[in-house]
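In: Next comes the sequence, and after it the predicted model I'd like to discuss.
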Amino acid sequence: MMGLLVSGDGESIAINLPVAALSRESKFQNWIVTHVGLRTGLCGSLTTFASWNTQMVIMICGGSGTELGYSQWMSSIWGYIIGLFAALQSYQFGVAVAYALSRKFNPHLAMEADLIVDKRSIGVLTNRDLPDFERRFLHSIVLNEDVAAAEEEQVTRKEGEGEEEAQEGAQAETKENLHKYGDTHESYYDNHIHHLRVWKHSTDDHRG
């Protein structure tokens, strides 16, 4: 539960949302006092006054609280280790779910976060605290630039494939003409010299 209430200050979110699991336009994002109460008061009380925690204290102190009647400090230590490990894993799971919900409810911010991470890998840093007015230009400069580059690369790839197909077709036609006309083949059939050579080769036997 604590993980679901985490704020959006991680790598998977482009801006610092008060509650990462909700949409940016949600009215609950502005209830800061309620967020603090849920995180500190409710979740803290569930952890501090949980039954397993109380039982661990009784096992350490001993007395009539346990069936054995004496201190079980070793068992209580292992109980704390297992309990804290389970609590940490539950918190991490809640954070992962919160970030997944944030990316679902805020797809544009998710795309922006991915691009910010990619830009950071090449040394370009983007301020996460940009106001909305400046963020509009960030979308037009950073995001559209990458989209345009991807589209240009795709067009270039298609043009390259088209040129390769044209070259393969021309080579196939050349081989076919060479096989048909022999060494008298020329690229253009309206060339008079080509026709004269064809006529000469075709009438050599009759003229001989």
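Out: That came through fine.
In: Give the buried residues for stretch 88-96.
Out: Neighbour counts over stretch 88-96 (16 or more other C-beta atoms under 10 Å) mark 91, 94, 95 as buried. For the C-beta atoms, the positions are set from N, CA and C on the backbone; glycine is no exception.
In: Let me know the helix or strand that the last one is in.
Out: Using DSSP states H and E, the element containing residue 95 is helix 73-105.
In: got the buried residues for that helix?
Out: Neighbour counts over helix 73-105 (16+ other C-beta under 10 Å) mark 76, 79, 91, 94, 95, 98, 99, 101, 102, 103, 105 as buried.
In: Output the contacting helices and strands for it.
Out: Helices and strands touching helix 73-105, by 3 or more C-beta pairs under 8 Å, 6 or more residues apart in numbering; DSSP states H and E, are helix 51-61, helix 107-121.
In: If you average pLDDT over each of the ones you listed, which is lowest?
Out: Set side by side, the helices and strands packed on helix 73-105 give their lowest mean pLDDT on helix 107-121, at a mean of 66.
In: Report the angle between the helix holding residue 95 and helix 51-61.
Out: If you take axes from the mean of the first three to the mean of the last three C-alpha atoms, to 10 degrees, helix 73-105 sits at 160 degrees to helix 51-61.
In: Pop the domain breakdown of this protein in here.
Out: 3-106, 144-207 (automatic domain parsing).
In: Lowest mean pLDDT across these, which one is that?
Out: In terms of average pLDDT, domain 144-207 trails the rest of the domains of the chain, at a mean of 61.
In: Quick check: the closest residue to residue 75 other than its chain neighbours vs residue 82, distance?
Out: Leaving aside its chain neighbours, residue 75 sits nearest to residue 59 (6.0 Å; criterion: C-beta to C-beta, 6 or more residues apart in numbering). Residue 59 is 13 Å from residue 82, where distance means C-beta to C-beta, to the nearest Å.
In: will you turn the buried residues of stretch 88-96 into a markdown table that also has distance to residue 29?
Out: Below are the buried residues of stretch 88-96 laid out as a markdown table (distance: C-beta to C-beta, whole Å):
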| residue | distance to residue 29 |
| --- | --- |
| 91 | 21 |
| 94 | 18 |
| 95 | 17 |
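In: And those residues, which is closest to residue 111?
Out: Distance to residue 111 across the buried residues of stretch 88-96 (C-beta to C-beta) is lowest for residue 95, with 20.6 Å.
In: Report the separation between the residue nearest to residue 75 and residue 79.
Out: Distance from residue 59 to residue 79, by C-beta to C-beta: 7 Å.
In: Over to residue 17?
Out: Residue 17 is 36 Å from residue 79, by C-beta to C-beta.
In: Same question for residue 92.
Out: To residue 79, residue 92 is 21 Å away according to C-beta to C-beta.
In: now do residue 153
Out: Distance from residue 153 to residue 79, by C-beta to C-beta: 58 Å.
In: Ok, residue 96 next?
Out: When distance is defined by C-beta to C-beta, residue 96 is 26 Å away from residue 79.
In: same check, this time on residue 155
Out: Distance from residue 155 to residue 79, counting by C-beta to C-beta: 64 Å.
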